[in-house]
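> turn this into a model:
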Amino acid sequence: MNNRRRTNNFTYVSSCVKYMIFMLNFVFWLFGGLLIGVGLYAFVDKWQATGSVRVENVYDVILNISLVMVIAGGVVFVVSFAGCVGALRENTCLLKFYSLCLLVFFLLEMGIAIVGFVFPHTLQSLLEESFTDKIIQTYREDPDLQNFIDFGQQKFRCCGLSQEGYLDWGKNEYFNCSSPSVERCGAPFSCCINATDISSGLVNIMCGYKVQMLPVSEAGKKVWTSGCIEIHYSHIICNSTISIKNIKPLNVLQKTYIKQLKK
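Okay, here's the model as predicted:
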């Protein structure tokens, strides 16, 4: 009698699928924990250095790199934990939660990609209007944000955010032409085409001085003149499409595994 009951309740689940899902999510689980740890360390370090961290609106959260890392790491940690434990313990409830999260991510990225392809100029203008002034004005107030902007401008060979390009830096109190600072009418060194001296290896932080006073043709010889959002935009849409292609097979694999558990 007991043997018959065991036979009826037996469920065959592919070990290959099971451990593939487990290992994949285990890696993401570790990555999520790493993001949380690094983000918390950076947040506490900034808190101790400045005495306070301003979080008054959604822009303060988005532009705070350490908080973004903690939030993103938390989401990755929870979702991958559900997939990891759900696959290992063959827990249908956790696997359904994991599959639902993947579906939500898939729909969000697909929505962003569709809007980006159908209304490219509208979305780009919205991003420029929402973030340009805030990011440019707080460039020197947040060291983490400053390093992030400098990295982005050097990596993608851009300057400023909007279609105004290098002229965006006139909105910053240090680079504004009415400023008494020596940096007036200039741009950060990360905008410069040749910021680093090849012979000495030193960065010339004065390479972007007075570029706002030059026409585009002349400024283009010293700094990158295109805005970063315009250049980043194509990368964002392209990466969204790639992410959609990666998430979809994983979601199909997860649903196949859940169906095997139900048999």
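
> can you report how many residues neighbour Val216?
Val216 is flanked by 11 other residues according to other Cβ atoms under 10 Å. C-beta coordinates here come from the backbone N, C-alpha and C atoms, glycine included.

> ignore the last one, Ala187
Ala187: 30 neighbours (other Cβ under 10 Å).

> and what of Glu173?
15.

> next up, phi/psi of it, please.
Main-chain dihedrals, Glu173, degrees, to the nearest 10: phi -60, psi -20.

> in contact with it, which residues?
By Cβ atoms under 8 Å, 6 or more residues apart in numbering, Glu173 lies in contact with 137, 179.

> ok, it to Pro180 distance?
Separation of Glu173 from Pro180 (Cβ to Cβ, to the nearest Å): 10 Å.

> domain map for this protein?
15-99, 123-230 (the TED database).

> confidence-wise, which helix or strand of the protein is lowest on average?
When the helices and strands of the chain are scored by mean pLDDT, DSSP states H and E, helix 2-8 comes last with a mean of 46.

> which other helices and strands contact the helix or strand following that one?
Counting by DSSP states H and E, the next helix or strand C-terminal to helix 2-8 is helix 15-50. If you count contacts as 3 or more Cβ pairs under 8 Å, 6 or more residues apart in numbering; DSSP states H and E, helix 15-50 packs onto helix 65-89, helix 143-156, helix 228-262.

> check which residues of the second one are buried.
Counting neighbours by 16 or more other Cβ atoms under 10 Å, one finds that the buried residues in helix 143-156 are 144-145, 149-150, 152-154.

> out of these, who's nearest Ala82?
Asp144 (30.3 Å; Cβ to Cβ).

> check contacts around that closest one.
Per Cβ under 8 Å, 6+ apart, neighbours of Asp144: 42, 46, 64-66.

> check pLDDT for those residues and point me to the minimum.
Least confident entry in the contacts of Asp144, by pLDDT: Lys46, with 80.

> that one and Ser66 touch, don't they?
Yes: Lys46 lies in contact with Ser66 (Cβ atoms under 8 Å); the separation is 6.4 Å.

> for Trp47, which non-adjacent residue is closest in space?
Computed as Cβ to Cβ, 6 or more residues apart in numbering, the closest residue to Trp47 that is not its neighbour in sequence is Val53, at 5.4 Å.

> show me what contacts Cys207?
189, 192, 194-195, 222-223.

> try 7 Å
Going by Cβ atoms under 7 Å, 6 or more residues apart in numbering, Cys207 touches 189, 192, 195, 222.

> pLDDT below threshold where in the protein?
1-14, 52, 116, 120, 123, 198-200, 233-263 (pLDDT under 70).

> at 50 instead, please
1-11 (pLDDT under 50).

> so which residue is dead centre in it?
Central residue of the chain (Cα atoms, centre = their mean): Val68, 8.2 Å from the mean position.
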